[in-house]
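Chemist: quick one, structure for this:
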Amino acid sequence: MSTVDAREAITRAHREEWARVVASLTRRFGDLDIAEDAAAEAFVTAVERWPAEGVPPNPGAWLTTTANHKAIDRIRRENKRGEKQKEARMLYDDDPPEPLGAIDDDRLRLIFTCCHPALAMEARVALTLRMVGGLTVPEIAHAFLVQEATMGQRITRAKAKIKAAHIPYRVPSAEDLPARVSGALAVLFLVFNEGYLATGDGTDPVRPDLTAEAIRLTRMIRALLPENGEVAGLLALMLLTEARRTARVSASGELVTLDEQDRGAWDAKLIAEGHGLVRERLATGDAPGRYQILAAINAVHTSARDIRDTDWSQVVALYDQLVRLDASPIIALNRAIAVAELDGPEVALAAVEQLQDALAGYHAYHATRADLLRRLGRSQESRAAYDQAIELAGNTAETAYLTRRRDQLG
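Modeler: Numbers count the residues shown, from 1 in each chain. Take a look at the predicted model:
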């Protein structure tokens, strides 16, 4: 096997197996630090050995077994005596690989462990993205629009608090779920977004493994909390977004924006399921939450047969409702994009430029501004804004799209 083939297999295994290996070790040893370090060491060993020895028949079992050995070696080094050493002796030779069928329960347990209410919400989300999603610290920092060092410290503190507080590794009881579900949903939303438009260096522009896993875990939480409107809303949002995935990147590897997508390539089954969930929530008469409103916005988009048929007034009204719940600058930016279709690019540009201080390091801010300036005929300013967006973009498909739009300017 070539080195390239082996490295591709390792990359694929990381995407598919990281969370399962971490969850398996966390359940066994009760320590997120040991679990993550051992998993990382197992993948390093794979990088060293697979190119020369070939990919094993069951990469997941190989990684789990190797990670277990690495964890036990660490325990032996750090604990010359005591219970952990005894446990290590018992486990080292005789413990079988964790069955692959445990992946769903393992991941759900790990999510709820990381989303304990003793942790700050941002720490819950960041830690779970690292431990469950297998996202790198730079990818998580990008999602939060903070420095990599800041995010690394946040994750380290969260793991230390779990250890100090003896937070158990388990799916919480029914009484505990409401206090943790908001963090779990935030995590799954960000995991899904990373899959839908990946930001990691050297990754594919779209990672269907992440989007599929986020949807699967959200379905599991919905089975636990069938009456929770935000769980239903997030599932609907994911389904309606996932329905457009195959039309999102062209054959040449360039991002295809909503207005240019082939709507005939959208997944009608997923759209129907997503619309059904949105209607179900509307029928309750309950005040919608953030994910339910985002799902409703996506329902408007996926109801239009052509971009020109989009009910932009309804989209803006839904964003107005969302801003009252979440006044984040990213929501304001998305609202401005809709305003451009309803009231024109000049009105939208005025709203976008008010967000400069908050979103100066966010590529989508500069991309939106570039497009509005282009539509207003301000080509030189648009080119400069495209340059900033290209510099900040972390996705090859998006970079290709932005570069083409910039080069089309007169």
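
Chemist: any regions of this structure where pLDDT drops low?
Modeler: Residues of the chain meeting the criterion pLDDT under 70: 1-16, 19, 27, 29-30, 77-106, 132-134, 143, 145, 169-171, 200-203.

Chemist: any idea how it splits into domains?
Modeler: Following automatic domain parsing, one finds the domains of the chain at 1-98, 102-222, 227-310, 314-410.

Chemist: how about these in TSV, adding mean neighbour count?
Modeler: In short, each C-beta sits where N, CA and C put it, glycine included. Output for the domains of the chain, formatted as TSV (neighbours: other C-beta atoms under 10 Å):
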stretch	mean neighbour count
domain 1-98	17
domain 102-222	19
domain 227-310	18
domain 314-410	18
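
Chemist: from the contact counts, what lies against the helix or strand containing residue 187?
Modeler: Per DSSP states H and E, residue 187 falls inside helix 177-196. Judged by 3 or more C-beta pairs under 8 Å, 6 or more residues apart in numbering; DSSP states H and E, helix 177-196 is in contact with helix 103-114, helix 121-131, helix 137-144, helix 208-224, helix 229-242.

Chemist: next one: it to chain centre, how far?
Modeler: Put simply, helix 177-196 sits 8 Å off its chain's centre (C-alpha atoms, centre = their mean, to the nearest Å).

Chemist: and the residue nearest to residue 123 when sequence neighbours are not counted, what element?
Modeler: Excluding the flanking residues, the one nearest residue 123 by C-beta to C-beta, 6 or more residues apart in numbering is residue 158, at 4.0 Å. Residue 158 is part of helix 148-165 when elements are defined by DSSP H and E.

Chemist: give me the residues contacting that helix.
Modeler: Outside helix 148-165, the residues that touch it by C-beta atoms under 8 Å, 6 or more residues apart in numbering are 31-33, 36, 113-114, 116, 118-119, 122-124, 126-127, 130, 137-138, 140-141, 144, 167.

Chemist: I figured residue 194 hits residue 135, correct?
Modeler: Yes: the pair residue 194 and residue 135 passes the contact test of C-beta atoms under 8 Å, sitting 6.0 Å apart.

Chemist: show me the contacts for residue 227.
Modeler: Contacts of residue 227 (C-beta under 8 Å, 6+ apart): none.

Chemist: ok so it is a helix residue?
Modeler: No: under DSSP: H, G, I helix; E, B strand; the rest coil, residue 227 sits outside any helix and is assigned coil.

Chemist: report the separation between it and residue 278.
Modeler: To residue 278, residue 227 is 16 Å away according to C-beta to C-beta, to the nearest Å.

Chemist: circling back: residue 261: which of the helices and strands packed on helix 177-196 is closest?
Modeler: Of all the helices and strands packed on helix 177-196, helix 229-242 sits nearest to residue 261, with 12.2 Å by C-beta to C-beta.

Chemist: quick one, that closest one and helix 177-196 angle?
Modeler: 10 degrees (axes from the mean of the first three to the mean of the last three C-alpha atoms, to 10 degrees).

Chemist: ok, and what's touching helix 229-242?
Modeler: By C-beta under 8 Å, 6+ apart, helix 229-242 touches 181-182, 185, 188-189, 192, 196, 211, 214-215, 218-219, 221-222, 225, 267, 270-271, 273-275, 277-278, 280-281, 284, 286, 288-295, 298-299, 301-302.

Chemist: how far is it from where the chain is centred?
Modeler: The answer for helix 229-242 is 14 Å, by C-alpha atoms, centre = their mean.

Chemist: now the very next helix or strand once past that helix and helix 229-242, what's the angle there?
Modeler: Downstream of helix 229-242, the next assigned helix or strand under DSSP H and E is helix 268-284. Inter-element angle recorded for helix 268-284 and helix 229-242: 150 degrees (by the same axes, to 10 degrees).

Chemist: between helix 268-284 and helix 208-224, how many degrees?
Modeler: For helix 268-284 against helix 208-224, the angle by the same axes, to 10 degrees is 30 degrees.

Chemist: what is helix 268-284 packed up against?
Modeler: Checking 3+ C-beta pairs under 8 Å, 6+ apart, helix 268-284 ends up next to helix 229-242, helix 290-303.

Chemist: for residue 385, pull up the helix or strand it's in.
Modeler: Per DSSP H and E, residue 385 falls inside helix 379-392.

Chemist: please export the C-alpha coordinates of the helix or strand following that helix as CSV.
Modeler: Per DSSP H and E, helix 379-392 leads on to helix 396-407 as the next helix or strand towards the C-terminus. In CSV, the C-alpha atoms belonging to helix 396-407 read as follows (Å, rounded to 0.1, in the frame of the first residue of the first chain):
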residue,chain,number,x,y,z
THR,A,396,-11.1,25.4,-0.4
ALA,A,397,-14.5,25.4,-2.1
GLU,A,398,-15.4,28.8,-0.6
THR,A,399,-12.0,30.2,-1.5
ALA,A,400,-12.4,29.1,-5.1
TYR,A,401,-15.8,30.7,-5.3
LEU,A,402,-14.6,34.0,-3.8
THR,A,403,-11.6,34.1,-6.1
ARG,A,404,-13.8,33.7,-9.1
ARG,A,405,-16.2,36.4,-8.1
ARG,A,406,-13.3,38.8,-7.4
ASP,A,407,-11.7,38.1,-10.7
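
Chemist: alpha carbons of the helix holding residue 158, as CSV, please.
Modeler: Presented in CSV, the C-alpha positions along helix 148-165 are these (Å, rounded to 0.1, in the frame of the first residue of the first chain):
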residue,chain,number,x,y,z
GLU,A,148,-6.6,29.4,19.2
ALA,A,149,-4.7,29.9,22.5
THR,A,150,-7.9,31.2,24.2
MET,A,151,-9.8,28.1,23.0
GLY,A,152,-7.1,25.7,24.1
GLN,A,153,-7.2,27.2,27.6
ARG,A,154,-11.0,27.0,27.7
ILE,A,155,-11.0,23.3,26.8
THR,A,156,-8.2,22.5,29.3
ARG,A,157,-10.1,24.2,32.1
ALA,A,158,-13.3,22.4,31.3
LYS,A,159,-11.6,19.0,31.4
ALA,A,160,-10.0,19.9,34.7
LYS,A,161,-13.3,20.9,36.2
ILE,A,162,-14.9,17.6,35.1
LYS,A,163,-12.1,15.7,36.9
ALA,A,164,-12.2,17.9,40.0
ALA,A,165,-16.0,17.7,40.3
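
Chemist: also compute the angle for it relative to helix 121-131, please.
Modeler: 90 degrees.

Chemist: how big is the angle separating helix 148-165 from helix 137-144?
Modeler: 100 degrees.
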